[in-house]
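Asks: return atomic coordinates for the entry below.
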Amino acid sequence: MSQSAAFVEQRLPSWKRAVLKVGSSLLAADGEGLSPRHALGLAQFVSASVAAGREVVIVSSGAVAAGRSIVHRKAEAGVAMAERQALAALGQARLIGLWQRFFERPVAQVLLTHDDLRNRRRYLNARATLRELLALGALPVVNENDTVSVDELKLGDNDNLAAIVAALVDADALFVATDIAGFYSANPRTNPDARPIDEVEALTPEFFAMAGDSGSAVGTGGMRTKLEAAARAGAAGIETFLFDGTNAATVQALAQGRLHGTRFRPARNRLAARKYWLRNAPVEAGRIVVDAGAARAMQEKGASLLPGGVLAAEGDFRRGDMIEVALREEAGERCIARGISQYSAPDVRLIARRHSRDIEAVLGYNYGENVIHRDDLVLL
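Replies: Predicted coordinates for the structure are as follows:
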């Protein structure tokens with residue numbers, strides 16, 4: 001009996017945007033270069049999803065394995081950091097080439113480090129780029145920038161990177177393709193008594209205790225990093241689905257809305273998690289003051305805050321800071337919302353009362369037509 005047959009078939013919930021994480025073990029040909037064997041089925045799942053009106057971002061490992069094939073190095077433990085970085089640089093083009101061969105749509109390479117996603121301004125830039133790529137009909141393929149990301153390369157943690165990217169693009173789902181059928185109570189390769197776990201409501205320490213180390217010679221992440229990724233995604237209200245990417249029938253079933261694997265439920269739904277974070281994230285000293293028209297548009301229509309409705313910017317906040325939004329009334333200013341500003345306080349003062357199309361002419365650059373995008377805004 002195959003591993004996947006031990007898992008109960010589940011219906012996938014509806015989703016509009018997802019991140020698909022593909023590990024090195026699915027792409028490496030016995031540790032020597034890249035193989036299309038399993039990538040083809042995953043690409044077909046992506047194509048079917050896009051044809052159904054959904055959006056997909058791929059987070060793909062495999063650059064180091066691809067680099068090894070160029071210089072003919074065997075996979076081994078304890079490789080010097082500089083060598084791994086060089087292998088990643090050599091293999092990155094081949095990794096993107098592998099994915100491009102499966103799609104008629106353009107494939108875009110996006111290299112990130114965790115620092116890019118911790119820094120608020122760089123976070124906003126990365127998110128704007130990924131959203132624009134999706135709007136253009138491109139397929140973003142994200143990888144960690146191993147060549148310069150010393151700490152993150154040492155961890156080799158594209159599982160957690162995928163969870164961060166899922167939150168970055170406001171995904172509904174995180175699909176993690178691996179070389180095992182799902183999450184078990186123990187390592188099924190070494191323990192015949194390992195039980196398949198179809199669904200996890202909450203990731204408690206007991207579940208982490210069940211996770212073992214990496215089972216692959218070419219991958220550096222193990223089941224623990226996948227649980228960490230599921231926990232990170234769950235905190236953002238995103239469900240995670242772990243499945244066997246080497247099983248063609250399992251991958252084909254995903255395109256039909258059926259899961260053979262493990263479903264990790266989030267602590268709260270995506271919208272609630274997002275709003276909770278926006279409500280409780282630290283606010284910088286500063287606020288944007290808006291007129292009644294802008295307040296009505298945000299409150300009644302769920303609109304973004306445009307520069308035309310801005311009266312003033314108070315304080316010295318920066319792009320990417322969480323700030324308050326206040327309505328100016330006869331009795332004074334009343335806080336009605338909070339959100340992440342796309343522009344700094346000096347910039348907001350310059351574009352206040354202006355049309356969005358005038359932003360670049362006034363500032364000399366443009367971070368988008370919104371001062372605060374509706375996805376980064378919560379009403380109080």
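
Asks: contact partners for Thr342?
Replies: In this structure residue 342 is Gln, not Thr. Leu124, Arg319, Tyr367, Gly368, Asn370, Val371, Ile372, His373, Asp376 (Cβ atoms under 8 Å, 6 or more residues apart in numbering). From N, CA and C alone the C-beta is placed, and that goes for glycine too.

Asks: ranking those residues by neighbours, who comes first?
Replies: Highest neighbour count within these, by other Cβ atoms under 10 Å: Val371, with 29 neighbours.

Asks: quick one, what contacts the residue nearest to that residue when sequence neighbours are not counted?
Replies: In space, and not counting its chain neighbours, Val371 is closest to Leu305: 4.8 Å by Cβ to Cβ, 6 or more residues apart in numbering. Counting by Cβ under 8 Å, 6+ apart, Leu305 touches Ile288, Val290, Ala294, Met298, Val325, Gly339, Asn370, Val371, Ile372, Leu377.

Asks: who's in contact with the residue lying closest to the second one once chain neighbours are set aside?
Replies: Meaning Val290. Distances taken as Cβ to Cβ, 6+ apart put Gly309 closest to Val290, at 5.0 Å, once the chain neighbours are dropped. Taking Cβ under 8 Å, 6+ apart as the criterion, Gly309 is in contact with Val290, Asp291, Gly293, Ala294, Ala295, Ala297.

Asks: can you give the domain ranges for this protein?
Replies: 4-273, 281-379 (automatic domain parsing).

Asks: make JSON lines from those domains and add mean pLDDT to it.
Replies: Output for the domains of the chain, formatted as JSON lines (pLDDT from 0 to 100):
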{"stretch": "domain 4-273", "mean pLDDT": "86"}
{"stretch": "domain 281-379", "mean pLDDT": "94"}
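
Asks: got the buried residues for stretch 255-264?
Replies: By neighbour count on 16 or more other Cβ atoms under 10 Å, the buried set for stretch 255-264 is Ala255, Leu259, His260, Gly261, Thr262, Arg263, Phe264.

Asks: hmm, I typed the wrong one, I wanted stretch 50-67.
Replies: For stretch 50-67, by 16+ other Cβ under 10 Å, it's 50, 54-67.

Asks: which strands and helices sit next to the longest helix belonging to the chain?
Replies: Criterion DSSP state H: the longest helix present in the chain is helix 81-100. For helix 81-100, the packing partners by 3 or more Cβ pairs under 8 Å, 6 or more residues apart in numbering; DSSP states H and E come out as helix 39-51, strand 55-60, helix 63-71, strand 107-112, strand 139-144, helix 150-155.

Asks: what's in contact with stretch 313-321?
Replies: 119-121, 123-124, 284-289, 323, 340-349, 352, 367.

Asks: give me the element the most centrally placed residue in the chain is part of.
Replies: The centre of the chain sits closest to Val165, judged by Cα atoms, centre = their mean, with a distance of 1.7 Å. Assessed by DSSP states H and E, Val165 sits inside helix 158-168.

Asks: what does that helix contact?
Replies: So helix 158-168 is contacted by 18-19, 21, 23, 57, 59-61, 112, 114, 117, 123, 126-127, 130, 142-144, 152, 171, 173-174, 176, 221, 225-226, 228-230, 232-233, 236, 238, 240 (Cβ under 8 Å, 6+ apart).

Asks: could you turn the buried ones of the residues you listed into a PyMOL selection?
Replies: Remark: buried members of the contacts of helix 158-168, expressed as a PyMOL selection using 16+ other Cβ under 10 Å:
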select buried, resi 18+19+21+23+57+59+60+61+112+114+117+123+126+127+130+142+143+144+152+171+173+174+176+221+225+226+228+229+230+232+233+236+238+240
